[in-house]
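J.: below are the sequence and a predicted model for it; my questions follow.
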Amino acid sequence: MAKKQRKGHRQAKDIQEWINRQAGRKGELRAALRRLLLKFRKRETTNPLWWHAVGTDVLRFFPDGTRHYSDKVIALLADELVPNPDTKIERVFNIIWQARQIARSLTKEQIKDWAKKRDSKGRPLSASRVHRLVSVPDKAQRDELLERCLSESWGVERLSSEIQNLFGRKRSRGRRKPNERLVPKPGVALQEIQFSARHWLDNHEVWFDGKNAPLRKVHEQEQTVALYQELKRATDEIDKLKTKLDDELKCLERLASKMEKKLDRE
């Protein structure tokens, strides 16, 4: 639980002021901030070693595992690392959060070992796959998934699906097994597609675009580990949906093309 803000405690205006309040650690934190600034100028976001190095320095701002909710340290760091107002602060926040998770989950030796690994197609382990793997808290399960990911050359979507299946077996999310659906006639199927598309667009307005949309801006106090896990699951589901939508759209376009030729002949 977050600690209550001390009476009379003023929120630091930036990370420099916050560092100045950390008695006995100013030099260490300033050095870590300088390293982070250099790393963010390079932005090697495809390199797992870059993520671990960033996370290692970020963790110096959380030495005892506390989150410093009242001081909003991650937000202050994000503002300092990418001050350009055109840059989406949510993206920077996510980079800091994910990097911290990688550094917490893997030692420097482990990430170096992972960076040397290649899958059966000769591809290195991508940063995206590392992000997914460190979401698995159990080391034995994580190592098993890593080996399968490499030996079977899983992409991010397949790895995400396997992790979801693993969590689903261990932690029920309250879903009942759906009944087998009846196969509708073509016209009914197309009507269902239209309904589903309109329903999704209506929800998009509620979820993302509306004045009080819950995902437009999430307060830092709400950015918990549980919410982050829901975020990753939602992202994975949308990734799957995007792949299916591409295939479905091509299928409908092929059908429309065939029907246009047929109707022109009649």
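T.: Here it is on my side, so go on.

J.: by mean pLDDT, flag the weakest helix or strand of this structure.
T.: helix 156-170 (a mean of 75; mean pLDDT, DSSP states H and E).

J.: what residues of that one count as buried?
T.: By 16 or more other C-beta atoms under 10 Å, the buried positions in helix 156-170 come out as 156, 159-164, 166-167. (Each C-beta comes from the backbone N, C-alpha and C, glycine too.)

J.: need those residues in JSON lines (columns: distance to Asp113).
T.: Output for these, formatted as JSON lines (distance: C-beta to C-beta, whole Å):
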{"residue": "Val156", "distance to Asp113": "20"}
{"residue": "Leu159", "distance to Asp113": "18"}
{"residue": "Ser160", "distance to Asp113": "23"}
{"residue": "Ser161", "distance to Asp113": "25"}
{"residue": "Glu162", "distance to Asp113": "21"}
{"residue": "Ile163", "distance to Asp113": "20"}
{"residue": "Gln164", "distance to Asp113": "26"}
{"residue": "Leu166", "distance to Asp113": "22"}
{"residue": "Phe167", "distance to Asp113": "25"}
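
J.: so, low pLDDT: which residues of the stretch 1-150 of the chain?
T.: Where the stretch 1-150 of the chain drops to pLDDT under 70, the residues are 1-9, 63-71, 83-90.

J.: again, 50 this time
T.: Applying pLDDT under 50 to the stretch 1-150 of the chain flags the ranges 1-8, 69-71.

J.: picking up where we left off before, for the least confident helix or strand of the chain, packing partners?
T.: When contacts are defined as 3 or more C-beta pairs under 8 Å, 6 or more residues apart in numbering; DSSP states H and E, helix 156-170 sits against helix 127-133, helix 139-151, helix 225-265.

J.: could you dump those helices to TSV with mean neighbour count and distance to Gly187?
T.: Formatted as TSV, the helices and strands packed on helix 156-170 follow (neighbours: other C-beta atoms under 10 Å; distance: least, C-beta to C-beta, whole Å):
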stretch	mean neighbour count	distance to Gly187
helix 127-133	21	40
helix 139-151	15	43
helix 225-265	11	12
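
J.: compare those helices and give me the one nearest Ala78.
T.: Among the helices and strands packed on helix 156-170, helix 225-265 comes nearest to Ala78, with 15.6 Å by C-beta to C-beta.

J.: okay, the angle between that closest one and helix 156-170?
T.: Helix 225-265 runs at 120 degrees relative to helix 156-170, counting by axes from the mean of the first three to the mean of the last three C-alpha atoms, to 10 degrees.

J.: mean confidence (pLDDT) on helix 225-265, please.
T.: Mean pLDDT, helix 225-265: 86.

J.: off-centre distance for it?
T.: The chain centre lies 21 Å from the centre of helix 225-265; the measure is C-alpha atoms, centre = their mean, to the nearest Å.

J.: which other helices and strands contact that helix?
T.: helix 156-170.

J.: next SSE downstream of the helix it packs on?
T.: Next along the chain after helix 156-170, taking DSSP states H and E as the criterion, comes helix 186-204.

J.: C-alpha coordinates for that next one, CSV please?
T.: Extracted in CSV, the C-alpha atoms of helix 186-204 (Å, rounded to 0.1, in the frame of the first residue of the first chain):
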residue,chain,number,x,y,z
PRO,A,186,-23.7,-16.3,-45.1
GLY,A,187,-26.1,-13.4,-44.9
VAL,A,188,-26.5,-13.8,-41.1
ALA,A,189,-22.7,-14.1,-40.7
LEU,A,190,-22.2,-10.7,-42.5
GLN,A,191,-24.9,-9.1,-40.3
GLU,A,192,-23.1,-10.4,-37.2
ILE,A,193,-19.8,-8.9,-38.5
GLN,A,194,-21.5,-5.5,-39.1
PHE,A,195,-23.0,-5.6,-35.6
SER,A,196,-19.7,-6.6,-34.0
ALA,A,197,-17.8,-3.9,-35.9
ARG,A,198,-20.3,-1.2,-34.9
HIS,A,199,-20.1,-2.4,-31.3
TRP,A,200,-16.3,-2.2,-31.2
LEU,A,201,-16.3,1.3,-32.7
ASP,A,202,-18.9,2.4,-30.1
ASN,A,203,-16.6,1.0,-27.3
HIS,A,204,-13.6,2.7,-28.9
